[in-house]
Each structure stands twice: as structure tokens, then as C-alpha cells.
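Q: got a sequence here, can you model it:
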Amino acid sequence: MALRVLVDATDVPTDRGALGRYVDGLISALGPAGADLVVVCQRADEERYGRLAPGARIVAGPAALGHRPARLAWEQSALPVVAQQVGADVIHMPHYSMPLRPGRPTVVTVHDVTFFTEPEQHGAVSAVFFKSAIRTATRRATRLIVPSKATRDELVQLLDMDPAKIDVAYHGVDHRLFHRPEPRQVSQVSARLGLHGKQYIAFLGSLEPRKNVAALIRGWVGAVGDLADPPALVLGGGGGWSDEMDSAVSSVPPHLKLCRPGYLPFADLPGFLGGALVVAFPSRGEGFGLPVLEAMACGAPVLTTHRTSLPEVGGDAVAYTEPDAESVKVALRALIDDADRRAALGEAGYTRAQEFTWAASAEAHLASYKRAAEQQAADTRAG
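A: The predicted structure is shown next:
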């Protein structure tokens, strides 16, 4: 009999972002992997998940779930009741937090531990909340899922966790969405961004401090400032509260073009990433680094850092830099000046990206769910 898995998707934000792409990709692949799937979501996502997982049971929560305090209260009190009502064998919490008394074997995804390693890169309230959530998960969850070996190793080191309780499941990439773009897609995105064919450096992700966008801006200014036709810098994504980034933006010389279009529609992403001269993602630390993988899948040459999980994703198929602005400047200029190197990286990245699929990720998740169910059964027999 198939394992009945309840996935709590109520924390997925409306802009999707990396969390949304993780949950969407996983849910679309769990049914074909053999799970008897139940998805709990916000009302606005009910139709979406019905399309993504046509064989799944979709349970829409109350309207108040759009407000974070109400969602957290519902998670503690109502989610265990829903799990009981639908007869779930396992609950999967895909974003750090979990009910204190779930009543079922519970698997929690911990995406990264930068709340411990670089708390200054997060808001004070967020850092306190997520530190507490991660500590709770390490104590109370039946198993943890992490998206990289680097995150697993950090959890073991920082919180003295038993590595046998942690399962690594790499993210996938939706190759129907992220692919080499047609010239028409590139020109359409370029026009919408107001670039009209001008070359550009692309960044995709949340504009939060640990993504290191301020150093990217300063590195870009140093790398292109003396060029006759300097490529623009386009920062795709939302959020951000960094005074350092605001300072970097204000120091951009008037002859350089910096675009901040905010969130980009999914349909624009292949053209945006695949049409870039370079996709730069100089993050100080990632649990996985989904934007790097998505850029690779679009055939873009990628520049990132040799930090935490990023080498697990990029391997030898991307260029690396240290995260400081001077290093970014040197590495970025080297790529701008070397078309052959960019073409080779684009080919290598595209080939490597084919190895990462949501089907493989779903298989790894399902194996973790089965371990959780078996572990709970063994504990019950022993008790």
C-alpha cells in the first residue's frame, strides 16, 4: 500500500520564489514516485496544486492562513487534526517549523543554517524565530531533510545532530520551464526591461544581505566602468532591507545602467537568464542554490562563490569568486572579456543541470518518509 503523505504547503508565498519552486516541483513529482499525496494549502493555491498533482487530495485551509501569526497558530492546533482526518502516515513540513504534537511521524526540511552561522545577514526577528524552529525540528522531528551535504554537515557540527537522522535530497529543476531560450524570448524580455538588446549581467533571487548583492553591484561597477558599451546589471527578485545595498546603488555612476524590475514572471525567466552575458550569484552561503541551477538549465554562464552548497550544484560547470567586491570585479571582468570561456561554461552548465530532476528529488524524499514511518513503528513496538 502506498504511503499517505501530507505535505503542508500553507507557507508558500504568493510570489513563489525558491520555496515555492521547491514545494511546487516536489509536489508535482511525489505522485508519480508512488506517494499517496495529500496537500494542505492556502485557498489561493487550491487550483494550482490540483493541476500540479492531479491524483492528490487537496485540502484548502482557512482564509486567515495568509497572515503569518494565524498560519503558525493553525500549524500547531489544526494541522495535526487534518493529518488525523485524512489518515496521513507521515507529515512533511517543507519550511523549518512543525507542530509540537503532530501525532504522526514528521519530516521537516531545513534549507540552510545561516540563521546560526550569519545571523547578522537576517532580520533580528527572523533569526530568533528560525533558530528556534530549527532547534525544535532537530529535537522533535522524526527525520530531517536537507538539500545538500554542506547543510547536513553544518547541522551536525553546529547542533550536534546525529547524521543518521538527516537525509540529503537535492532540489530538481523544472526543465519545461527552465531551458535554453529562443531568440524571440530573449528579445521580448530585453524590451520589457528597457534594455532593447543591450548586454546585461543578471542576478535572480531575494535581495537580502546574505545574497551579497551590494558586493555584486560594486564589483560590477569596477568591472565595466571603463568599457565603451558597459553591460547593464539587472537585479531580478524582491525583498531586501540592506543599508549596504542602498549605499551601493546610490554610488553607481550615471553612465551605468542598473535595473531593479522586482519579481519576474516565470515565463520570462528562460529569456532573462539565458539571454544574460553572465548570471552572477555571489551568495555568502546557501542551503542549495536553486537560482544557480536554474541559470545553468537555461544555458547561461554562471559566476558564483565556492561557499557551502554551491560547489555541489555548480561542480566544474560554473566560474567561482570570493564574495568580496574586488574579487567579484576581477572574476566578472575576466568572463566579460572571454567569450569562449562563457560559451564553454554555458554548455557545461546546461549538461550538468540535466542531472537534477524533481523526479530524483521526489524519490529521495519518499525514501525519507518511509524511514520516518518505519522508525515510528519501531519506536511504538519498543515502547
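
Q: and the strands in the stretch 201-350 of the chain?
A: Counting by DSSP state E, counting those that start in this stretch, the stretch 201-350 of the chain has strands at residues 232-236, 258-262, 278-281, 302-305, 319-321.

Q: by contact count, what packs against the last one?
A: The criterion is 3 or more Cβ pairs under 8 Å, 6 or more residues apart in numbering; DSSP states H and E, and the helices and strands that strand 319-321 contacts are strand 302-305, helix 325-336. Every C-beta, even on glycine, is put in place using the N, C-alpha and C of the backbone.

Q: can you redo these as TSV with mean pLDDT?
A: Output for the helices and strands packed on strand 319-321, formatted as TSV (pLDDT from 0 to 100):
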stretch	mean pLDDT
strand 302-305	98
helix 325-336	98
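
Q: right, so the ones you listed: which one is the most enclosed?
A: The highest mean neighbour count among the helices and strands packed on strand 319-321, using mean count of other Cβ atoms under 10 Å, belongs to strand 302-305: a mean of 28.

Q: for it, packing partners?
A: Under the contact rule (3+ Cβ pairs under 8 Å, 6+ apart), strand 302-305 is packed against strand 278-281, helix 290-297, helix 310-314, strand 319-321, helix 325-336.

Q: list of residues touching it?
A: Strand 302-305 has contacts (Cβ atoms under 8 Å, 6 or more residues apart in numbering) with 212, 278-284, 289, 292, 295-296, 310, 314, 317-323, 328, 331-332, 335, 345, 349.

Q: closest to R21 out of the strands of the stretch 201-350 of the chain?
A: R21 lies closest, by Cβ to Cβ, to one member of those: strand 232-236, at 13.8 Å.

Q: quick one: strands adjacent to that closest one?
A: Looking at strand 232-236 with DSSP bridges, its partner strands are strand 200-204 (parallel), strand 258-262 (parallel).

Q: centre of the chain to the first one, how far?
A: Relative to its chain's centre, strand 200-204 lies at 17 Å (Cα atoms, centre = their mean, to the nearest Å).

Q: next, the buried residues of the lengthiest helix in the chain.
A: Longest among the helix segments of the chain by residue count, using DSSP state H, is helix 358-382. Within helix 358-382, the residues that qualify as buried are 358, 360-366, 368-373, 376, counting by 16 or more other Cβ atoms under 10 Å.

Q: which stretches of the stretch 251-383 of the chain have low pLDDT?
A: Applying pLDDT under 70 to the stretch 251-383 of the chain picks out residues 380-383.

Q: could you rerun that using 80?
A: Across the stretch 251-383 of the chain, the ranges flagged by pLDDT under 80 are 376-383.

Q: show me where the stretch 1-150 of the chain has its helices.
A: 17-33, 46-52, 68-77, 79-85, 114-117, 124-140, 149-159 (DSSP state H, counting those that start in this stretch).

Q: determine which stretch of these is the most buried.
A: helix 17-33 (a mean of 21).

Q: neighbouring contacts of that helix?
A: Counting by Cβ under 8 Å, 6+ apart, residues outside helix 17-33 touching it are 5, 7, 9, 11-13, 16, 37, 39, 48-49, 52-56, 94-95, 109, 111, 147, 171-174, 205-206, 237, 290-291, 357-359, 361-363, 365-366.
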